[in-house]
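Peer 1: need coordinates for the below:
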Amino acid sequence: MTSVTETEAPSLEGKLLVAMPTMGDPRFERTVIYMCAHSPEGAMGLVVNRPADHISFPELLGQLGIEADAGTDVEDIKVLSGGPVEAGRGFVLHSDDYTQATTMEVGERVALTATVDILRAIATGHGPRQCLFALGYAGWGPGQLDAEIQANGWLHVDADPDLLFSADFERKWGKAIAKLGFDIAQLSGTAGRA
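Peer 2: The predicted structure follows:
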């Protein structure tokens, strides 16, 4: 018998990882994570439904010395708690209509940029059509995420821009679960044994 780490599991890059209702880690309870990378070397994603309560996007721009042009709508951009790793580092998950040399395509019509240039572009109205800004990220070592999935910690669904970039953070987890096509109340937190 081979384990998940011995056979390459399908990559979840570009998918949404959805915490099971029985998630025991309070840092990830009811979270939806957009997977930016997933390989045998490890995995990285951004929590896309947990707003940060300690800073607003305009305050963040001010701390970086970036002044928003009049008429740009930076007030509506929420700063998200992207995960517990490197919580002071910023990432912009965005539509692929904006690119620069450091932009990384991570899914269908979705890209990731982690430089201050994108914040300047957003502040001047030249940024991506859709975006989420996250501080920190969720990370897993080799085989760790696959083991958590096998232990019924996570489900995964296809990402779509409407759900991904929605500002309805309170309902994003429920909407991601609904994409699976079944009632979440019917799920058990334990795996069956034959």
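Peer 1: what sits up against the longest helix along the chain?
Peer 2: For the chain, the helix that runs over the most residues, judged by DSSP state H, is helix 169-178. Helix 169-178 has contacts (Cβ atoms under 8 Å, 6 or more residues apart in numbering) with 16, 18-19, 30-32, 48-51, 78, 80, 155, 157, 163, 166, 168, 184. For every residue, glycine as well, the C-beta is placed using N, CA and C.
Peer 1: of the residues you listed, which belong to strands?
Peer 2: With strands taken from DSSP state E, the overlap with these comprises Leu16, Val18, Ala19, Val32, Leu80, Leu155, Val157.
Peer 1: how many residues are close by the fourth one?
Peer 2: Val32 sits with 26 neighbouring residues when counted by other Cβ atoms under 10 Å.
Peer 1: of the contacts of helix 169-178, keep whichever come out buried.
Peer 2: Neighbour-count burial (16 or more other Cβ atoms under 10 Å) applied to those gives 16, 18-19, 30-32, 48-50, 80, 155, 157, 163, 166.
Peer 1: which of the residues you listed lies closest to Asp73?
Peer 2: Closest approach between those and Asp73, by Cβ to Cβ: Ser166, at 16.2 Å.
Peer 1: against Ala121, how distant is the closest residue to that closest one other than its chain neighbours?
Peer 2: Leaving aside its sequence neighbours, Ser166 sits nearest to Lys172 (Cβ to Cβ, 6 or more residues apart in numbering; 6.0 Å). Distance of Lys172 to Ala121, given as Cβ to Cβ, to the nearest Å: 25 Å.
Peer 1: can you check Glu170 too?
Peer 2: Glu170 is 29 Å from Ala121, by Cβ to Cβ.
Peer 1: who has more neighbours, these two?
Peer 2: Ala121 (18 against 10).
Peer 1: next up, the contacts around the more buried one.
Peer 2: Ala121 sits next to Tyr98, Gly127, Pro128 when contact means Cβ under 8 Å, 6+ apart.
Peer 1: okay, the ones in strands among the contacts of helix 169-178 in TSV with distance to Leu145 and pLDDT next?
Peer 2: Putting these into TSV (distance: Cβ to Cβ, whole Å; pLDDT from 0 to 100) gives the following:
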residue	distance to Leu145	pLDDT
Leu16	13	97
Val18	13	96
Ala19	12	95
Val32	15	97
Leu80	20	97
Leu155	12	93
Val157	15	95
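Peer 1: show me which of those residues is closest to Ala134.
Peer 2: Nearest to Ala134 out of the ones in strands among the contacts of helix 169-178 is Leu80 (Cβ to Cβ; 4.4 Å).
Peer 1: state the distance from the residue lying closest to that closest one once chain neighbours are set aside to His94.
Peer 2: In space, not counting the residues next to it along the chain, Leu80 is nearest to Ala134; the distance is 4.4 Å by Cβ to Cβ, 6+ apart. Distance, Ala134 to His94, by Cβ to Cβ: 11 Å.
Peer 1: and the helices in this protein, which stretches?
Peer 2: 57-63, 116-123, 144-150, 161-164, 169-178.
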